[in-house]
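Trainee: predicted coordinates and the sequence they were generated for:
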Amino acid sequence: QSRVGPIEWLRPYTDDVLPDLGSKGVRNLVVVPVSFVSEHIETLEEIDMEYRELAEENGVSNWRRCPALNTDPAFIEDMADIVYEALLEPAQTVTEACVANNVGNIDLVPLDTTEVSTTGIGGVGADGALFQVSESLKQGERVTARTAIAAVLLAIFIEFISGQPFTNFLGL
């Protein structure tokens, strides 16, 4: 598998295993990239080309790769079922998710011992000098927002009337 990022990847590495398999006389090999649900650069280039070449250089003469699930109807239906079932279940807290995913070494602080802001930066209910916004700035933001909404509605109206994408009128 690709070794990208600072975290140690699962071993053994494919590029270490392929020469070993060839030296042990393996001539037929079917690769099943179980971590991938769609074709992409790692399956199409790295596995199909680079690893195949490495395998062939080391004596594996019959190389095959199982295709990814992509848009297989059974896979898509199962994914839809999983999403639907997840929507029916109550949401997990961060602590529950960490426990369920075996995430260790996380220092979770009880909410009653820390100040938690649900306002975001400058959101509703924000307080303090940092979050105070002048009335003129608020009015300017209202005008900008309304102008943007009007422009979007105008673009939709033009597309509806002309039957062409708005970008055609801009030469794009």
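Mentor: Received the coordinates, thanks.
Trainee: after the helix or strand of the chain with the lowest mean pLDDT, heading C-terminal, what element do we hit next?
Mentor: Within the chain, no helix or strand scores below helix 94-100, which has a mean of 71 by mean pLDDT, DSSP states H and E. Remark: after helix 94-100, the chain's next helix or strand is helix 135-162, criterion DSSP states H and E.
Trainee: ok, then the element right after that following helix?
Mentor: Next in line after helix 135-162, if elements are assigned by DSSP H and E, sits helix 166-169.
Trainee: can you give me the buried ones in that next one?
Mentor: Judged by neighbour count (16 or more other C-beta atoms under 10 Å), helix 166-169 contains these buried residues: residue 166. (Each C-beta comes from the backbone N, C-alpha and C, glycine too.)
Trainee: equivalent analysis for stretch 7-23, please.
Mentor: 14, 17, 18, 22.
Trainee: out of these, name the ones that lie in helices.
Mentor: Secondary structure from DSSP state H places 14, 17, 18, 22 of those in helices.
Trainee: which stretches of the chain have low pLDDT?
Mentor: By pLDDT under 70, the low-scoring segments of the chain are 1-6, 90, 92-95, 98, 102-134, 137.
Trainee: beta partners of residue 63?
Mentor: Note on residue 63: beta-bridge partners by DSSP bridges are residue 29.
Trainee: which SS class is residue 71?
Mentor: With DSSP: H, G, I helix; E, B strand; the rest coil as the basis, residue 71 sits in coil.
Trainee: what number of residues lie near it?
Mentor: 9 (other C-beta atoms under 10 Å).
Trainee: could you do residue 78 as well?
Mentor: The number of residues packed near residue 78 is 12, by other C-beta under 10 Å.
Trainee: for residue 37, same thing?
Mentor: Using other C-beta under 10 Å, residue 37 is surrounded by 14 other residues.
Trainee: mind listing what the closest residue to it other than its chain neighbours touches?
Mentor: Closest residue to residue 37 apart from its sequence neighbours, by C-beta to C-beta, 6 or more residues apart in numbering: residue 69 at 5.0 Å. By C-beta atoms under 8 Å, 6 or more residues apart in numbering, the residues touching residue 69 are 37, 38, 75.
Trainee: could I get the residues you listed as CSV with secondary structure?
Mentor: Output for these, formatted as CSV (three-state DSSP):
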residue, secondary structure
37, coil
38, coil
75, helix
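Trainee: and which of those residues is nearest to residue 161?
Mentor: Using C-beta to C-beta, residue 38 comes nearest to residue 161 of those, at 38.9 Å.
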